[in-house]
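> below: sequence and its predicted model.
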Amino acid sequence: MSNRYGQSYRNGGYGGLGRPDDEYDPFGEGYNSSNDRYAQPQQANPRPAPAVRNAPPPRSAQRERGYETNAERQITKVLELIKQEWPAMCENDCVPVQLALQLLDNSSVGRAHEYRNFQKTHKYLQDSLKNIVHDYHQGFNSSIGTFHKIQGSIQTSQKKVRALKESLATSKTALCTTDPELKKLHATSRMYDDVLQTLNELDDLRAVPDQLEARISEKRFLTAVEVLQNALRKLRKPELDNIGALSELRSYLANQETALMDILVEELHEHLYLKSPYCQERWQGLSKHHSTSDGTFTDSPAMAPFHSILDSIDWEQAAAEDPQKNPEADTFSYINLLVEALNKLGRLETAVDMLKQRLPVELFGVVNETINDIDQKHPSSLRGGSSGANGLHMYGQRETRMRADVIYDLLWTLYGKFEAIAEGHRVFHEAIKALIRREGAGNNSVLLGSFKELWNLYQNEIRSLLHNYVTTDADVYQFNSPRPGFGVNGKTDPSREHLFKFAEADAKSVDMATEYDALDGIIRASVPGLTSGSRKGLDKKGSLIVPRSEPVTARKSAVSGYGSMQQNSGTYKSLVEPSVFNMSLLLPPTLVFLQRLKNIVPPGSDLATSTLTSFLDNFLVNVFQPQLDETLGKLSDSVFGEADAFQQDSEWSRVARRPIFKGTTAFHTVVTAFCRMLGTIPHDQALSSLIITQMMRYYDRCFSWFKALVTKTQEGVSAQALRASAVMALEPSDIREIMQKLWKAETTDLELLEKEASLLITRTNEKKLEVSDIIQDRDTIQSLCLLYTSMKWLSVKVLGMRHITRNETDSSRASLPKPEKKRWTLLNDPSKAAAMDEGPVHLPMTQETVQQFDGILSSYEELAATALRTLHMEVRCRIAHSLHTALSPETAPYLLDQDVNEPDPQILSLNAEMVAYDETTTRFLREREVAFVRTGLGLLVNNYLIRNAPMVAPMNARGCGRMQLNILVLQQNLKNIEEGVDLVRAANYYELFEKGPDAIVEKAKDDAAAKAQDGEEKGAVAERDVNRFSYDELKALMELCYSEQLADPERGVAAQAKRQMAERLLKVSEYMWQS
């Protein structure tokens, strides 16, 4: 009883603790006997078992005490009482027998005294259970009925299982019995199943052509490949090999497999090379937003950056088709889909090879089409320049702007296409790379090497464009490969001269049209869906499908056009005249494109982004620099060789304050243009040296011109002999040093002027000036003035270009290190080329080169100074020569018999020449230079007439009057030339002649007394006083006074004159030396 009811109590039952009264067991023994029936389901949740149907769910009753019944509250209190007073009864390992023995034990350790409490608790528990039974007796009754039904169902199932077991045993016995007929039936059944399956497969295969054509027409190539491969897989089954009706289908599907690969490759070409209309928006957006009106680069805000597009593509998942969308609308996704289709078709490697083979032709077509479009867009009359200038035309600002518009439009459009093509190839590369990674095929360089090939072709195309627009000679650049019909050396191959060429075929002839129709019919019959009836006038705009035949025709024409282009010219058509000045327009877009291409090059590829500009270095050194040298030399030759190069520029007032040579203006324009262009390309000292060389050439040319101007031209004179003024201006001498000091002096230095005049008189007296020593042509004087102003102006302008750079790059010197690749990034600013005609111009030079530059500036300055010294000395030589002629008795004797009222012709001629000379210098030179030429002319005339007075002997009083008249005429003329000039000293000198020898002696006495009175310091000044003369001057005048008697043929007269002259000279010497 303890095991049964104890277990029941531990599980929440209500029997087994002893029943003192039968009223607590209303079900009697039947209830106890059914304890196993009811107790088992109550083990999981014993308390709420009596109220399963009528009471609320036990858990909700525990959560919400407001819904508990009285019986439930009573049983809860009983349980709590048991837990408090009889906790041992609540333990899982409780032994009721132990507790019963304790209740019967009356000893001190027993619990017999608690027996009544135990009975009360037991009675309380029985009452609570009775109340529970009364509340939930309906549920118990229903459970009993349900149990009987379940028991009946179980018995029925047991009977069926027994019957099934017997049936299986019978079947096993029957199956173990051998029956040949059954085996035949089984074989026949299997054969019929195979026939039915074959018929179903034939049914499916019959629908394959229509399905395949439909998928191809819808551009759903992944599905088309699956359909084709499933069909081919079915046809390869052995059971279909003997079906002859499938041979035509096999041939069709085999052809369709090749055709599908061709279609996929053509679709790739359509989108990789921007032939599809869905690609137009991409490259047009790139080219449109590459540049603004001033040629600067900007990004399109409306176009997604390429790197974000790459990031948005899930390369880890295979491409999947979306029937609801146009697959071609997204070019990059479409390329990925085509790669997936080619891979499933098993022709991916073949397709990559075909792409590589056709890459040069496709790129040539892109470039050629772009050039033709730009050619039609810009009229020839609005491109600036003329084709006959041979690249030597110096463009104006307007012509440069027009040329820049054409070149920028061409390059931005072409580079926009190139960038879009590169993006397509990058997507193609990434798609193949992801495919290889997903399939675990390793790094297949055959499939991933197309990007380097693309870059090599880009490099060739860019180099070709630079050649076309920079080099002026047509044969400077040729394609690397020989042209069709030509040998390796460029000559015509006689054996291939008459070969058939597609370009020569007439596509509109009747025979050609017939052959095309027959070919089209064969293609449509063999490979339906390939041509789509495009030759029958299918409207391309009305269908999403691009006809397959038209791209083929277009490609044929492109290929033939490529061949014909090579056959005709070997290069692209030039839209503007080639010139080295185009380099400043070509480089900025090219550098922007190369910079953006670096972001497109796939990482980890065999193409290093740091080498993308290396071909430009090669081009600059091997092509551009020789072309620049040649062009610069030709331009300089054209400037030097012009007939009016050393004539006055009619528009000199626009660039200078004084007239200059036309050739100087032109040469400065050339230098400025080249310096502006050098500012837009990477610095290379070799390029700066080219301009410095031409500057030295121009100095040599100007110096040669100077020597031609001052070389004697009369017959019988050495061809190398220079005129006297040029010799004194060029050769080192005291006169040259004095002239240099006079030019540097800030104020008039009379002492230097006296010394210069003295040295000149001494030199001309020692070596007589000939007519050939004097420049008679007024234009020559004008040319010397222009030479001075031109050299001064050019030296100032060139000095403003002086700029020392830290970049030591010099490609002409192999010993120097190669330039860093970073030098191209410094020029990644297209606005430099746009602002060509604005801002200062600099010629970048190193510390070594700037010494040559400074030497050239010094040469310009020295040549200008030489020309000015020549002008300074030329007028003085002219005065000395004219006065020498006028004082010579052979030309104009001064021993006259009658008075003369007219000045000598030589004096009048000298006056006219000095006036003309002054007018020329005033017109061309500044005031300082004019003052340098003028100052000292009167002093020279005074000194010359006095020092060379002995030349006029013999002279009488009438001859002296003639001399006074000449001096007066010269003085009046010099006053119009030199400010504050007079010839009083010369006039007073010859006035003493008229007064006689005694007046000379008296003059010496007065001068000696005045000198002694003034002292030594004032005596120095007195020596230059107009009223004081030196001993030599008075001695010469005394000899001139007795020259008439000394020349008398009678000896007595001459002897007496000598005695008188000696006496008076002795007195003069006594007075002069005493002072």
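Received the coordinates, thanks. Keep in mind that what you see is a predicted model, and the values were worked out from it rather than measured.

> make it CA atoms for all contacts and neighbour counts henceforth
Will do.

> element containing the most centrally placed residue in the chain?
For the chain, the residue nearest the mean C-alpha position is residue 591 (2.0 Å; CA atoms, centre = their mean). Element membership of residue 591, judged by DSSP states H and E, is helix 583-598.

> and residue 901, how far from residue 330?
110 Å (CA to CA, to the nearest Å).

> looking at these two, which is more packed in?
residue 330 (12 against 9; other CA atoms under 10 Å).

> let me see the contact set for that one.
Contacts for residue 330 (CA atoms under 8 Å, 6 or more residues apart in numbering) come out as residue 278.

> backbone phi and psi for it, please?
Dihedral pair for residue 330: phi -110, psi 100, per degrees, to the nearest 10.

> for it, give its distance to residue 424.
11 Å.

> in this protein, where's the longest helix?
helix 397-439 (DSSP state H).

> quick check: phi and psi at residue 471.
phi -80, psi 140.

> how near is it to residue 734?
Per CA to CA, residue 471 is found 54 Å from residue 734.

> pick out whichever of these two has more residues nearby.
For residue 471 and residue 734, the more surrounded residue by other CA under 10 Å is residue 471, and the numbers stand at 26 against 14.

> circling back to that earlier point, buried set for the helix or strand just after the helix holding residue 591?
For helix 583-598, the following helix or strand on the C-terminal side (DSSP H and E) is helix 614-619. If you call a residue buried by 16 or more other CA atoms under 10 Å, then helix 614-619 has these buried ones: 616-617.

> please renumber so the chain begins at 41
I'll keep to 41 as the first residue from here, and by that count the last item is helix 654-659.

> C-alpha coordinates for helix 654-659, CSV please?
Listed next in CSV are the C-alpha coordinates belonging to helix 654-659 (Å, rounded to 0.1, in the frame of the first residue of the first chain):
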residue,chain,number,x,y,z
SER,A,654,56.4,56.3,-69.4
PHE,A,655,55.6,56.4,-73.1
LEU,A,656,55.1,60.2,-72.8
ASP,A,657,58.6,60.5,-71.6
ASN,A,658,59.8,58.5,-74.6
PHE,A,659,57.7,60.7,-76.9
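
> ok, residues contacting the helix or strand harbouring residue 1010?
Assigned by DSSP H and E, residue 1010 belongs to helix 997-1015. Applying CA under 8 Å, 6+ apart, the contact partners of helix 997-1015 are 933-944, 947-948, 951, 955, 977-978, 1021-1023, 1026-1027, 1030-1031, 1033-1034.

> and stretch 962-977, by the same measure?
So stretch 962-977 is contacted by 698-699, 782-783, 793, 822, 825-826, 829, 908, 911-913, 915-916, 958, 961, 1014, 1017-1018 (CA under 8 Å, 6+ apart).

> how far does that stretch stretch from start to finish?
Termini of stretch 962-977 sit 16 Å apart (CA to CA).

> now that stretch: mean pLDDT?
If you average the pLDDT over stretch 962-977, you get 93.

> quick one: buried residues of it?
Those would be 962, 964-965, 969-977, for stretch 962-977 by 16+ other CA under 10 Å.

> residue 228: which of those is nearest?
residue 964 (125.6 Å; CA to CA).

> show the end-to-end separation of stretch 802-812, please.
Stretch 802-812 end-to-end distance (CA to CA) = 19 Å.

> how about it: buried residues?
Here stretch 802-812 shows 804, 809, 812 as buried, counting by 16+ other CA under 10 Å.

> name the element the first one belongs to?
The reference is to residue 804. helix 790-806.

> also residue 843?
Secondary structure (DSSP H and E) places residue 843 in strand 842-844.

> list the contacts of that strand.
Outside strand 842-844, the residues touching it (CA under 8 Å, 6+ apart) are 882-887, 890.

> related to what we said a few turns ago, filter the contacts of helix 997-1015 to the buried ones?
Counted by 16+ other CA under 10 Å, these give 933-936, 943-944, 947-948, 951, 977-978, 1021-1023, 1026-1027, 1030-1031, 1033-1034 as buried.

> quick one: which of the contacts of stretch 962-977 sit in helices?
Reading helices off those with DSSP H, I get 782-783, 793, 822, 825-826, 829, 908, 911-913, 915-916, 958, 961, 1014.

> what about stretch 669-678, distance to the chain center?
Here stretch 669-678 is found 28 Å from its chain centre; the criterion is CA atoms, centre = their mean, to the nearest Å.

> my bad, should have said stretch 938-946
82 Å.

> could you tell me the end-to-end distance of it?
Using CA to CA, the two ends of stretch 938-946 sit 20 Å apart.

> contacts for it, please.
So stretch 938-946 is contacted by 922-923, 925-926, 932, 998-999, 1001-1002, 1005-1006, 1009 (CA under 8 Å, 6+ apart).

> and if we set it to 6 Å?
Stretch 938-946 is contacted by residues 926, 998, 1002, 1006 when judged by CA atoms under 6 Å, 6 or more residues apart in numbering.

> now do that stretch, average pLDDT.
87.

> quick check: mean pLDDT across stretch 652-659?
On average, stretch 652-659 scores 78.

> next one: phi and psi at residue 159?
According to degrees, to the nearest 10, residue 159 has phi -70, psi -40.

> so what pLDDT did it get?
89.

> residue boundaries of the helices in the stretch 741-890 of the chain?
764-770, 774-784, 790-806, 818-839, 871-874, 887-927 (DSSP state H, counting those that start in this stretch).

> need these in JSON lines (columns: distance to residue 256 and mean pLDDT).
Formatted as JSON lines, these follow (distance: least, CA to CA, whole Å; pLDDT from 0 to 100):
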{"stretch": "helix 764-770", "distance to residue 256": "92", "mean pLDDT": "92"}
{"stretch": "helix 774-784", "distance to residue 256": "93", "mean pLDDT": "93"}
{"stretch": "helix 790-806", "distance to residue 256": "104", "mean pLDDT": "92"}
{"stretch": "helix 818-839", "distance to residue 256": "71", "mean pLDDT": "94"}
{"stretch": "helix 871-874", "distance to residue 256": "49", "mean pLDDT": "46"}
{"stretch": "helix 887-927", "distance to residue 256": "69", "mean pLDDT": "92"}
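
> of all those helices, which lies closest to residue 290?
helix 871-874 (64.1 Å).

> which residues of the chain fall in strands?
842-844, 883-885 (DSSP state E).

> off-centre distance for the last one?
Spelled out, it's strand 883-885. 21 Å.
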